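S.K.: Let's see this in three dimensions:
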Amino acid sequence: MFFDFGAGEIFGLAVLAIILVGPERLPKFASEAAKIVRKLRALSHTATAELRENLGPGFEDLQPSDLNPKKFIKKQISGVLNEAENEIDKMKPQIDPDLL
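M.R.: Okay, the predicted model is just below:
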């Protein structure tokens, strides 16, 4: 996922939440936080789907991480290099093994 939490960190966050929010309001606060996370996740899926739709054919496998400029450039360069290698392979003369 996005975050790498250990057991001690989760425990520390729980204690901090109990102190800041209070034990009587913590369940309501947790459910509201879960609703917000669900809405954000749905919003990101909707935005990604709209982006794929608006970009048209060829972008069906687009992932949000592909929009990172470094990854985008690497992907484009590797595609060009693969095409160049294929063209070079096609241009190599084919030697008949029986003639050797």
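
S.K.: Domains of this structure: list them as residue ranges, please.
M.R.: Under the assignment automatic domain parsing, the domains of the chain span 27-60, 62-91.

S.K.: Just put those in a markdown table and tack on distance to Phe11 and mean neighbour count.
M.R.: For the C-beta atoms, the positions are set from N, CA and C on the backbone; glycine is no exception. Output for these, formatted as a markdown table (distance: least, Cβ to Cβ, whole Å; neighbours: other Cβ atoms under 10 Å):
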| stretch | distance to Phe11 | mean neighbour count |
| --- | --- | --- |
| domain 27-60 | 15 | 10 |
| domain 62-91 | 30 | 10 |
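
S.K.: Lowest average pLDDT across the ones you listed?
M.R.: Mean pLDDT is lowest for domain 62-91 out of these, coming in at a mean of 80.

S.K.: unless I'm mixing things up, Arg52 is touching Gly58, no?
M.R.: No. The criterion here is Cβ atoms under 8 Å, and Arg52 misses it with Gly58 at 10.1 Å.
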